[in-house]
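[1] can't give you the sequence, but here's the structure:
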């Protein structure tokens, strides 16, 4: 089933990075919530901060939530 959320955060890889897809395009790898916020800001949501990342319904967290940053936590 495809996600209805425009932002998808994929499960952590072996280095703890998570691929970030915004509007269908991979924009990079995040290692922290701050990285996700930066990607969101770059995508046009300049006021987006770490708390917005944690609370947002725009984000589909796969393989663990906002606090999963290592392969074993997914």
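    Looks like it arrived, so ask away. Nothing here was measured: the structure is a model prediction, and the numbers come from that model.

[2] three-state assignment of residue 68?
    Secondary structure state of residue 68, per DSSP: H, G, I helix; E, B strand; the rest coil, is coil.

[3] Can you pull the phi and psi angles for it?
    When quoted as degrees, to the nearest 10, the phi and psi of residue 68 stand at phi -100, psi 110.

[4] What of residue 30?
    Note on residue 30: its backbone torsions stand at phi -110, psi 140 [degrees, to the nearest 10].

[5] Residue 28 versus the closest residue to it other than its chain neighbours, what's the distance?
    With sequence-adjacent residues excluded and distances taken as CB to CB, 6 or more residues apart in numbering, residue 30 is closest to residue 36, at 4.7 Å. For every residue, glycine as well, the C-beta is placed using N, CA and C. The gap separating residue 36 from residue 28 is 10 Å, by CB to CB, to the nearest Å.

[6] Next, the residue nearest to residue 30: secondary structure please.
    Going by three-state DSSP: residue 36 is helix.

[7] Ok, residue 60 next?
    strand.

[8] Who does it form a beta bridge with?
    For residue 60, the beta-bridge partners under DSSP bridges are residue 8.
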